[in-house]
Every structure is written in structure tokens, then in C-alpha cells.
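One predicted model, sequence on top.
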Amino acid sequence: MNAEAFAGAKSMQFDGGQPFDWGRTAADYAAFRDLYPPRFYQVINDCGIGGSGQQVLDLGTGTGVLPRHMGDRGAHWMGVDISPQQTAQARQLSRGLHAEYVTSAAEDLSLAAGSLDAVTAAQCFFYFDHVRLAPKLKEWLRPGGRLLITYLSWLPAEDPVAAESEALVLKFNPFWSGGGEIFRPVDVPPQYEAGFRLISHGEERWRLPFTRQSWHGRMRACRGTGASLPPEALRLWEEEHTGLLGRIAPERFEVLHCFAYALLERP
């Protein structure tokens, strides 16, 4: 299934069924969505993931942010993403690292039973068909293997810049359903109750640093803008958002985010 077909099929769950294509945002992803602070990678390390000799699968890898930042700790990483444009960026940015990338829907992968020590899913777990994926992850992971789900979202109810930027996205794309996030735990789909056990979770407030340019790029790499708006609408959104930031934000500022994770283990 190509990226466009996948986007059309999966988007029925999002944005009122409006299509989106992450391939359109690949360059912005590479430039502006590699924004996790050191604390993020410490959480992964503390969860026992990424150590020497491990085989780790990164679902929805995008431009390979996790493999790129964790690849020097001795594990072999495989990243999978449905978008060929995203995996092309990942391969280019991962030269010299112990990482490989596969362009595929995660649900369509075929891996040997017990071949993985860990699976990670950052900012993407809600996109998958868990009826298909959950039994595959249980099969691929060895006993004691771990599944780490992470999510990072700005908090519009608590941060004025996030609130104004989000409102502008909704002005141009009222179907976008990605807004309104609150401080909360990760939602673990019920399909994982039978084959996994939750061993830890955590939620933290992070203030992440941005410039006007990097926040604008981060918002352009959003599902409601760069992945879905027609070119002329995207151009107009860019003009308005640039002007908005010039009025409400200094050149350098912080945006309040919620970081949450859930660590599951295959018995």
C-alpha cells in the first residue's frame, strides 16, 4: 500500500476523514521535529531499551529520530514508516549508524518470532490497526521484551503561543482533530491487555525552547497544515502564522508540552 492510499484509509479515524500525507512534511520533519530534550532519551535508557546487542524496532519512525539519537549505544535499530519520503530522510540522516529503515505499514511487516528485544512508538501509536498489530508485536518480541509508547504534545490550555497557533490551524483546517490536548497519561489500546502487562508509566510537563522560525516549522509539520492543506491555503496559513508570531512571541521562547510514556512487557 503506498503512502497516499494508506493516508486515505487511516484518515477516516482523523480530521473528519480528510486525507493527509506525511510524505509532504518530510523535509520539515527532518528540520523541525527533532526536538526531544536529553530527558527523553534518558527515559528510553531507564526503560532498558537501546542497550548493547539489542534488536529494537521503531514504529512510525518518520525521519529516524530515535534510531539516530540512540544508535550509538550498541543496539541495532530498524525503523519502519509508511512514507517513502520520510524513510528517505531517515536513511540520509543515519549514515554510519547501526540503523536500517523499511518503508511499509507496520501491520504488514514480517519478522521472525522472538527476534526483537524492544519496540518503540513515539508520537504515532494511535495511527495503527491494533487488532492486527498487537498479536504481531507479541510474536516478534522475546519473553521479557518491552514495548515503549511515548507521546509529546503542546498544551494549548496552558500555553498562550500554543493556543494561538492551534487556533490558526483550525481557522484554515476546521476538520483537524489533533488539537485540544491536555496533560494526561498515554492511552494504551485494549488489544494489549491480553499479551502484555503495564510495568510503568509517567507524565511530565516540559518547557521546550523554540525560535519563531523553529516553532513555525514545527507547526507547518503538523497533520493539520503541511500534511493536508492545499498549496495555496498552506501559503496563506504561513503568512498569517508568521505575522502572528511576530505579534505574540519574542524571538526565543518556550512552549509548554506534556510528555507521557507507557512501558509494557511481554510476559
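Thanks, I have the structure now. This is a predicted model, so every value here is computed, not measured.

Was I right to think Leu137 contacts Arg146?
No - proximity of Leu137 to Arg146 does not meet the contact threshold set by C-beta atoms under 8 Å, at 10.5 Å. No exception for glycine: its C-beta is placed from N, CA and C like everyone else's.

Which residues are in contact with each of these two?
Taking C-beta atoms under 8 Å, 6 or more residues apart in numbering as the contact definition, Leu137 and Arg146 share the neighbouring residues Val119, Arg266.

Pull the residues that contact the helix or strand containing Gln85.
For Gln85, the element it lies in under DSSP states H and E is helix 84-93. Applying C-beta under 8 Å, 6+ apart, the external contacts of helix 84-93 come out as 3, 22-24, 26-27, 29-30, 61-64, 67-68, 79, 81, 99, 101-103.

so how far is the next helix or strand after that helix from its chain's centroid?
For helix 84-93, the following helix or strand on the C-terminal side (DSSP H and E) is strand 99-103. The gap between the average C-alpha position of strand 99-103 and the chain average comes to 16 Å, counting by C-alpha atoms, centre = their mean, to the nearest Å.

Give the other helices and strands that strand 99-103 contacts.
In this structure, strand 99-103 packs against helix 65-70, strand 76-81, helix 84-93, with contacts taken as 3 or more C-beta pairs under 8 Å, 6 or more residues apart in numbering; DSSP states H and E.

any idea how far Glu100 is from Val161?
Here Val161 is placed at a distance of 38 Å from Glu100 (C-beta to C-beta, to the nearest Å).

what about the strands in the protein?
Secondary structure of the chain (DSSP state E): strands located at 55-59, 76-81, 99-103, 116-122, 141-154, 197-211, 252-265.

Tabulate these (CSV), appending mean neighbour count, mean pLDDT and distance to Val169.
Formatted as CSV, the strands of the chain follow (neighbours: other C-beta atoms under 10 Å; pLDDT from 0 to 100; distance: least, C-beta to C-beta, whole Å):
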stretch, mean neighbour count, mean pLDDT, distance to Val169
strand 55-59, 25, 98, 25
strand 76-81, 24, 97, 23
strand 99-103, 19, 96, 28
strand 116-122, 24, 98, 21
strand 141-154, 20, 98, 11
strand 197-211, 14, 98, 16
strand 252-265, 20, 98, 14
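
hang on, His69 packs against Tyr36?
Yes - contact status for His69 versus Tyr36: in contact at 7.4 Å, counting by C-beta under 8 Å.

the more surrounded of the two?
Looking at His69 and Tyr36 with other C-beta atoms under 10 Å, you find the greater number of neighbours at Tyr36, namely 20 against 17.

Quick check: chain neighbours aside, which residue is closest to Ala75?
What sits nearest to Ala75 in space, not counting adjacent residues and going by C-beta to C-beta, 6 or more residues apart in numbering, is Gln54, at 4.0 Å.

Just want to check the distance between Gly96 and Tyr29.
As for Gly96, its distance to Tyr29 is 20 Å (criterion: C-beta to C-beta).
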